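**Student:** how would this look folded up:
(chains A and B)
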Amino acid sequence: MIDAILGNIIWIVLITVGGALISWGVHFIPVGGAPAAMAQATGVGTGTVQLAAGAGLTGLVSAGSMMNLTDDLLLILASGAVGAMIMLTVTMIVATWTYVYAVGCVPSSAKVKVDPITKYRQDNYVSQGTEGHGIPTVSFVSGAIGAALGGIGGSLVYYSLIEVGMSVGLEGSAVTNAVTGNWLVAVAAIFAIGIFFVNAVIPSYNIGGTIEGFHDPKFKKWPKAVVSSLIATLLCAVVAVVAIAQLGGI
Amino acid sequence: MSVGGSGEAKGGYPVQTIIALGIVGGLVGIYLGHFAPPAYAFFGGIGAIFATIWGADAVRRVASYGLGTGVPSIGMLAFGMGIIAALFGLSIGGTAGPIIAVIVAAIIGYVIGALSNKVIGMGIPIMEQAMAEISCAGTLVILGLSVVIAGSFDYAAVIQYVVSTGYIALIFIIGGMGILHPFNASLGPDEKQDRTLMLAVEKGAIALIITGFASSLHEGLMAASINMLIGIIIWYVAASKHYALIKRDAYAVVGTGLLPSAEELQ
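**Tutor:** The predicted model follows:
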């Protein structure tokens, strides 16, 4: 057990970094929660965990498919980032269509007077009694950045876990005719998902349910969540690495 | 989205009773399911139901303070921690696997609870204890439902029949639903512990039915039917009791009738 930890310190560090990246990335995602579902707050109308997990898990799938083709870490991370970005930007654009054409409100932020990117006035368009609605440009860009960070973090965790398994002699690629049966891929994926959920929930407690993006005053609180995630992920990483290293013995 | 009010959850069974019920019921169920022949794998599911009750009660206590975000987040966190602790425990523990898994889960949960309070500053007095409890309950639910599918908690068997077939994702969501849904559905000023926990039993029974269905792959049709039958019986009893408790707590239960037709609206 100690050998497994000492022999895989580099991967434990990478998993921890990946967890911190996920945690940081969540702060960029415009999460509106239940108020946004009623078009009373800026952002997509669902919870942090659902949005981050949706984007991150898509990132895992695209990173995993890239791992069938290459073992170049940079390409795998890029694939994970792009997968997560596609997932989240599609969610945001479809939500925007709903807000604009179905609910009938103008995408606007209540946290800033002018959009930092387009320089358009925001406060004139915020309906009375709401905290903004829809997804303004700055939140959209911020969300795309957040999804990229989440995708990179998730892929880093997954890649590291696969490498730990390959170091004890397991097969890392799933290019066989069998649909099931690749133990390492299954275990690494479910551990990556577990670590992803832990790191999606910790920042969601930090931002208290809703955030508009990097222009939101709450964004400045990110170091707290990242420090928490570093410690929590380190603990999870040690445990996960030992469990995967034990796979070699069965 | 600040839901769940702000304050201590009141009334009902004392905390210690629920914790004892969860740990003892969960572990006994898991061990019985492991050592008994495959046809008795449903004991794992019954253990998972006890653990679900414990987890739902811990969620109820901590979410009563108001998490600042939706209640479902804490259920997902429970299973994120639980899945890592459960597989770790089985990988190094052998027969003592579930006990090691619970201890590791308690440590991870306590650390995350302490981080939430000390670093993030959530200021919930029972956060550390509740997180440890939720994490342990999540671990026990995963182990219990894995025993239903694999027939034992042997690491190789669980990896082969539960993880590499992908049923672990099913357990993740359906077990998480049992822990997060009862309080999420029942919260409000009229929330009562017995009604919330009866919903947890019902959700646990649904988990047993579905994992029982999944167990037909490895344990054969006979064992799977027994698993599902036990699940359906528990579900029926719990759902009837839950409906009776709803009728007890509601001011009135009335039928709204069908939608009026176009002529009647004239």
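**Student:** Pull up the residues of the stretch 101-250 of chain B that are close to chain A.
**Tutor:** Contact residues, the stretch 101-250 of chain B versus chain A (CB under 8 Å from any CB of the partner chain): B:104, B:107-108, B:111-112, B:115-116, B:119-122, B:155-156, B:159-160, B:163-166, B:168-169, B:172. (Each C-beta comes from the backbone N, C-alpha and C, glycine too.)
**Student:** all strands of chain A, in order?
**Tutor:** Secondary structure of chain A by DSSP state E: the strands cover A:108-109, A:132-133.
**Student:** could you redo the ones you listed as a markdown table and give each row distance to chain B, mean pLDDT and mean neighbour count?
**Tutor:** Compiled in a markdown table, the strands of chain A are given as follows (distance: least, CB to the nearest CB, whole Å; pLDDT from 0 to 100; neighbours: other CB atoms under 10 Å in any protein chain shown):
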| stretch | distance to chain B | mean pLDDT | mean neighbour count |
| --- | --- | --- | --- |
| strand A:108-109 | 18 | 90 | 26 |
| strand A:132-133 | 15 | 88 | 30 |
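**Student:** Of all those strands, which one comes closest to residue A:241?
**Tutor:** Residue A:241 lies closest to strand A:108-109 among those, at 42.1 Å (CB to CB).
**Student:** Check which strands are paired with the closest one and give the direction for each one.
**Tutor:** strand A:132-133 (antiparallel) (DSSP bridges).
**Student:** so how many other residues sit close to residue B:187?
**Tutor:** Per other CB atoms under 10 Å in any protein chain shown, the neighbour tally for residue B:187 reads 19.
**Student:** follow-up on the earlier one: residue A:47: which of the strands of chain A is closest?
**Tutor:** Per CB to CB, nearest to residue A:47 of the strands of chain A: strand A:132-133, 17.4 Å.
**Student:** Pretty sure residue A:227 sits against residue B:119.
**Tutor:** Yes: using CB atoms under 8 Å as the test, residue A:227 is close enough to residue B:119 to be in contact (5.8 Å).
**Student:** Residue A:131: neighbouring residues, count only.
**Tutor:** The burial count for residue A:131: 18, using other CB under 10 Å.
**Student:** Is it correct that it is in contact with residue A:122?
**Tutor:** No: using CB under 8 Å, residue A:131 is not in contact with residue A:122, being 11.5 Å away.
**Student:** Now the common contact residues for those two.
**Tutor:** Listed as contacting both residue A:131 and residue A:122 by CB atoms under 8 Å, 6 or more residues apart in numbering or on different chains are residue A:110.
**Student:** In the chain, which residue is most central in space?
**Tutor:** No chain in the question, so chain A it is. residue A:150 (3.0 Å; CA atoms, centre = their mean).
**Student:** That was the other one, I meant chain B.
**Tutor:** Short answer for chain B (CA atoms, centre = their mean): residue B:52, at 2.8 Å.
**Student:** so which strand or helix has that one?
**Tutor:** In this assignment (DSSP states H and E), residue B:52 forms part of helix B:42-63.
**Student:** what about that helix and chain A, touching?
**Tutor:** No: judged by CB under 8 Å from any CB, helix B:42-63 and chain A are separated, with a smallest distance of 11.2 Å.
**Student:** Now find how far off-centre that helix is within its chain.
**Tutor:** 4 Å (CA atoms, centre = their mean, to the nearest Å).
**Student:** now for it, which elements pack on it?
**Tutor:** helix B:15-35, helix B:72-93, helix B:127-150, helix B:167-186, helix B:193-214, helix B:216-249 (3 or more CB pairs under 8 Å, 6 or more residues apart in numbering or on different chains; DSSP states H and E).
**Student:** you'd agree residue B:38 is up against residue B:151?
**Tutor:** Yes: at 4.3 Å, residue B:38 counts as touching residue B:151 under the criterion of CB under 8 Å.
**Student:** Overlap of the contact sets of these two?
**Tutor:** Common neighbours of residue B:38 and residue B:151 (CB under 8 Å, 6+ apart) are B:219, B:223.
**Student:** neighbour-wise, which of these two wins?
**Tutor:** Between residue B:38 and residue B:151, residue B:151 has the larger neighbour count (other CB under 10 Å), namely 25 against 18.
**Student:** thinking that one is in contact with residue B:43, fair?
**Tutor:** No: look at residue B:151 against residue B:43 with CB under 8 Å: they stay out of range, at 10.8 Å.
**Student:** Mind listing the shared neighbours of the two?
**Tutor:** Joint contacts of residue B:151 and residue B:43 (CB under 8 Å, 6+ apart) are residue B:33.
**Student:** Please tell me how far residue A:24 sits from residue B:106.
**Tutor:** 28 Å (CB to CB, to the nearest Å).
**Student:** What residue, apart from its backbone neighbours, is nearest residue B:83 spatially?
**Tutor:** In space, residue B:83 comes closest to residue A:194 once its chain neighbours are excluded; the distance is 4.2 Å by CB to CB, 6 or more residues apart in numbering or on different chains.
**Student:** wait, what's in contact with that neighbour?
**Tutor:** A:236, A:240, B:79-84.
**Student:** what pLDDT does residue A:177 get?
**Tutor:** For residue A:177, the pLDDT comes out at 50.
**Student:** Please read the previous query as pertaining to residue A:164.
**Tutor:** Per-residue pLDDT puts residue A:164 at 88.
**Student:** Which helix runs longest in chain A?
**Tutor:** Of all the elements of type helix in chain A, the one with the most residues (DSSP state H) is helix A:137-167.
**Student:** thinking again about what came up before, I'd like the strands of chain A laid out as CSV, including distance to residue A:36.
**Tutor:** Shown next, in CSV, are the strands of chain A (distance: least, CB to CB, whole Å):
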stretch, distance to residue A:36
strand A:108-109, 12
strand A:132-133, 7
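**Student:** shaky segments in chain B?
**Tutor:** Low-confidence regions of chain B, defined by pLDDT under 70, span residues B:1-11.
**Student:** likewise chain A?
**Tutor:** A:172-181, A:249-250.
**Student:** mind listing the helices for it?
**Tutor:** Under DSSP H, chain A gives helices at A:2-7, A:9-26, A:33-37, A:48-67, A:73-97, A:137-167, A:183-207, A:222-247.
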